[in-house]
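Chemist: Everything below, folded, please.
(2 chains, ligands or ions: 1)
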Amino acid sequence: MAIATRTRKSPRRERLEAAVNYPIDWLEERSGLIGGIRYFLFRKVPGDTNWFHTLGSATLTAFLVQAVTGVILAMYYKPEPKTAYASIQHITNDVTLGWLVRGMHKWGASVFIILMFFHMARVFLFGAYKYPRELNWIIGVMLLVIGMLEGFTGYLLPWDQTAYWATIVGINLNGTAPFLGPYIAQFLRGGAEIGPDTLARFYSMHMLLIPGAIFALIGLHLYLVVRLGVSSPPWSKEAAGADWVEEQEVSTDGRRAGLTRPVPRNYVRGQRGDSA
Amino acid sequence: MSALDERRASFQRYKQDVKERGKPFYPYAMFHDTVMSLVVVCVIVGLACVWYLTSHEDPNRCQPKWSSCMLGPRYAEPADPGTTNFVPRPDWYFYFLFYLLRIFKWPDSVILGTVGIPTILLIIALVLPFIDTRRDRRLSRRPVAVIAAILVVISMGELTYKGAVAKEALASEVVAAVPSWAQREGFANNPKAVSGATVFAEAGCTACHTYLGTGGGNLGAPDLSAEGTKGKGVQGLTSYISDPSKFGNNVMPKFAAFANIPAKDAKGKNLGISELQALAIFLDASKGPK
Ligand code: HEM
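Modeler: Residues are numbered from 1 along each chain as shown, chains lettered A, B, ... in the order given. Predicted structure coming up:
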């Protein structure tokens, strides 16, 4: 009797499960979203992924921090030369925890850029830009460039001396480019002089155009990551897809295989009892 | 088997291997990702706290002793198109570009620094997967890639470091040099020129230009110690400074705003001319050290 109650669900529990499952099933039936999430979470990744592989998602986290703190800053910031500086002071010194939000946004930008470089370095060192992941590398380079543009446009917004003069020089340097240079400079300034129009357009680019592009590119980037899978560390003894048959002349006399002494592929497979 | 077929076969093998021996993303890889993300958020919050707690409402309070603002002031002085304290310093990740510009001399090769090298770097990065099509991924098999990576890291690091420590003459230091300029250039008896020299020092012209050894010599700006010998005249210099872009100089900012500020002598007495005119008089009086 006791066993029966344990294996059989009580009617109350059944009703509870149905109530929980109903909205999930409803959503799944109409969107396939749950299946998608399940696929994303339970897809297989190579068994030898390691901490280096976390740099990409760490970059994503830093970007999300920027997005959230940026939205909060936008609630208080006033993009006008007359008011911008005062609103930055107000956020930093008066608004509750405003200093934290602004500080996180200011420093998060640097962390984001550093992490992008680190992530890029890991991809380079792992040779992970090679077939079939070339496209994802290119998307990555685009992310790096517009990530830095995001930094450039954000730098002006406090409208302080550093911001103002660094931006003037930055725009002028853009202007030295052949052919397009003067047009780019003109476009960035929004006129002949740096002023209210410049600030408004930097603000618009900084909070709409560029973040939108970054979000879209990250979406593509992650789509390709999921579709193609992440690559194993190249030095791994059991790197997925490794093909080291040509190196069978490397002796398997029991010395440790590692970075410079790869184990032949069928040696590994043989151990696992594979026929290959 | 062609190279492409080989690459395809190897990717098929990869998929096979992952299917047979891989582990699910959740919870294994996701655990690492979550820990790392938490570390990232903590670092960001930590930086924000140190920055805020060691700085002050008044941006000038950390001026003399930079150590009191460990991560810099909360903001600089409000932007002011007309006056002092010009520090054309970008965020740190542009330092390498910023420093590149000091290596190339205006005007012939500066374009290499502003546009040439960055564009080449960008193109190399974009086509990298198409240059390096070998299948090998192990570093021991990619000596060229390893050496290239080391060179890139060293040179970027070096340029960033140099950009960070590049000497920026602070306005206060430059102003102190004005009397000696007047002496050596022989315009000490001309209060308008002395006043112009002070404006020159305060307005941050020396962030780019050098004058009798003071200043940065950045972005290809020439030495101005003997500008008066070039025959531009006060009038010519005035129009140059108020809008250098008219003279093909797109790097130097416009200083037209100085035309609205009356020039004063050391005692604060109005000289009846604008700071812009004083600047021009000063430059015109600069005939090189005696
Ligand atoms: C906004 C910035 C970026 C985000 C959020 C991001 C995110 C990610 C994530 C989550 C992965 C999964 C594997 C991993 O974490 O290592 C990944 C892989 C990858 N990323 Fe990025 N990434 C960014 C920028 C870049 C940049 C700048 C590059 C290179 C120029 C790049 C190239 C790649 C490549 C080629 C892969 C595939 C690696 C493999 O399969 O092993 N990404 N990215």
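
Chemist: mean confidence score for the helix or strand encompassing residue B:49?
Modeler: Per DSSP states H and E, residue B:49 falls inside helix B:30-53. Confidence for helix B:30-53, expressed as mean pLDDT, is 96.

Chemist: And the helix or strand following that helix, what does it pack against?
Modeler: Next helix or strand after helix B:30-53 toward the C-terminus (DSSP H and E): helix B:95-103. Judged by 3 or more Cβ pairs under 8 Å, 6 or more residues apart in numbering or on different chains; DSSP states H and E, helix B:95-103 is in contact with helix B:143-165. (Glycine included, C-beta is placed from N, CA and C.)

Chemist: Is the helix it packs on in proximity to the ligand?
Modeler: No. Using Cβ under 6 Å from any ligand atom, helix B:143-165 stays clear of the ligand, coming no nearer than 12.7 Å.

Chemist: For the ligand, give me its nearest residue in chain B.
Modeler: residue B:125 (6.6 Å; Cβ to the nearest ligand atom).

Chemist: roughly how far apart are that residue and residue A:142?
Modeler: 10 Å (Cβ to Cβ, to the nearest Å).

Chemist: Name all residues that sit in contact with the two at the same time.
Modeler: Counting by Cβ atoms under 8 Å, 6 or more residues apart in numbering or on different chains, residue B:125 and residue A:142 have no common neighbour.

Chemist: Next, count neighbours for residue 157.
Modeler: If you meant another chain, say so; for now it's chain A. 21 (other Cβ atoms under 10 Å in any protein chain shown).

Chemist: Correction: the question concerned chain B.
Modeler: Residue B:157: 11 neighbours (other Cβ under 10 Å).

Chemist: show me the contacts for the residue of chain B closest to the ligand.
Modeler: Contacts of residue B:125 by Cβ under 8 Å, 6+ apart are A:141, A:144.

Chemist: After the helix or strand that contains residue A:69, heading C-terminal, what element do we hit next?
Modeler: Under the criterion of DSSP H and E, residue A:69 resides in helix A:55-74. Where DSSP H and E defines the elements, the next helix or strand beyond helix A:55-74 is helix A:81-93.

Chemist: Identify all contacting residues around that next one.
Modeler: Contacts of helix A:81-93 (Cβ under 8 Å, 6+ apart): A:73, A:76-78, A:98-99, A:101-102, A:157-160, A:195-196, A:199, B:52, B:57, B:74-75, B:78-79.

Chemist: From the ligand, how far out is whichever residue of the stretch 151-276 of chain A sits closest to chain B?
Modeler: Using Cβ to the nearest Cβ, the single residue of the stretch 151-276 of chain A nearest to chain B is residue A:241, 2.7 Å away. Using Cβ to the nearest ligand atom, to the nearest Å, we find residue A:241 at a distance of 11 Å from the ligand.

Chemist: Residues of chain A that sit close to the ligand?
Modeler: So far as Cβ under 6 Å from any ligand atom goes, chain A lies against the ligand at A:53, A:55-57, A:59-60, A:63, A:116, A:119-120, A:123, A:126, A:128-129, A:133, A:136-137, A:140-141, A:143-144, A:147, A:218, A:221, A:225, A:230-231.

Chemist: Which residue ranges of chain A form helices?
Modeler: A:2-7, A:11-31, A:33-42, A:55-74, A:81-93, A:98-125, A:134-156, A:161-175, A:181-189, A:196-204, A:210-228, A:265-271 (DSSP state H).

Chemist: Pick the most buried one from the ones you listed.
Modeler: helix A:161-175 (a mean of 23; mean count of other Cβ atoms under 10 Å in any protein chain shown).

Chemist: OK, contacts around the nearest residue to residue A:119 once chain neighbours are set aside?
Modeler: The shortest distance from residue A:119 to any non-neighbouring residue, by Cβ to Cβ, 6 or more residues apart in numbering or on different chains, is to residue A:55 (4.0 Å). Neighbour list for residue A:55: A:115, A:118-119, A:122, B:36 [criterion: Cβ under 8 Å, 6+ apart].

Chemist: Need the max-distance pair from those residues.
Modeler: Spatially, the most separated pair among these is A:122 and B:36, at 12.2 Å (Cβ to Cβ).

Chemist: Reformat the helices of chain A into JSON lines and put mean pLDDT next to each item.
Modeler: Output for the helices of chain A, formatted as JSON lines (pLDDT from 0 to 100):
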{"stretch": "helix A:2-7", "mean pLDDT": "56"}
{"stretch": "helix A:11-31", "mean pLDDT": "94"}
{"stretch": "helix A:33-42", "mean pLDDT": "94"}
{"stretch": "helix A:55-74", "mean pLDDT": "98"}
{"stretch": "helix A:81-93", "mean pLDDT": "96"}
{"stretch": "helix A:98-125", "mean pLDDT": "97"}
{"stretch": "helix A:134-156", "mean pLDDT": "97"}
{"stretch": "helix A:161-175", "mean pLDDT": "82"}
{"stretch": "helix A:181-189", "mean pLDDT": "87"}
{"stretch": "helix A:196-204", "mean pLDDT": "95"}
{"stretch": "helix A:210-228", "mean pLDDT": "97"}
{"stretch": "helix A:265-271", "mean pLDDT": "43"}
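
Chemist: picking up where we left off before, tell me what the helix holding residue B:49 is packed against?
Modeler: Packing partners of helix B:30-53 (3+ Cβ pairs under 8 Å, 6+ apart): helix A:55-74, helix A:98-125.

Chemist: So for residue A:261, what pLDDT did the model give?
Modeler: pLDDT, residue A:261: 43.

Chemist: what about the helix holding residue B:49, distance to the chain center?
Modeler: Remark: helix B:30-53 is offset 28 Å from the chain centroid, using Cα atoms, centre = their mean, to the nearest Å.

Chemist: Extract the CA atoms of that helix and return them as CSV.
Modeler: Extracted in CSV, the C-alpha atoms of helix B:30-53 (Å, rounded to 0.1, in the frame of the first residue of the first chain):
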residue,chain,number,x,y,z
MET,B,30,27.0,26.4,-18.6
PHE,B,31,28.3,26.0,-15.1
HIS,B,32,31.7,27.4,-16.2
ASP,B,33,30.0,30.2,-18.2
THR,B,34,27.9,31.2,-15.2
VAL,B,35,30.8,31.3,-12.8
MET,B,36,32.8,33.4,-15.3
SER,B,37,29.9,35.8,-15.9
LEU,B,38,29.6,36.3,-12.1
VAL,B,39,33.3,37.1,-11.9
VAL,B,40,32.8,39.7,-14.7
VAL,B,41,29.9,41.4,-13.0
CYS,B,42,31.8,41.5,-9.7
VAL,B,43,34.9,43.0,-11.4
ILE,B,44,32.7,45.7,-13.0
VAL,B,45,31.0,46.5,-9.7
GLY,B,46,34.4,46.5,-7.9
LEU,B,47,35.8,49.0,-10.4
ALA,B,48,32.8,51.2,-10.1
CYS,B,49,33.1,51.3,-6.3
VAL,B,50,36.8,52.1,-6.3
TRP,B,51,36.3,54.8,-8.9
TYR,B,52,33.5,56.4,-7.0
LEU,B,53,34.9,56.1,-3.5
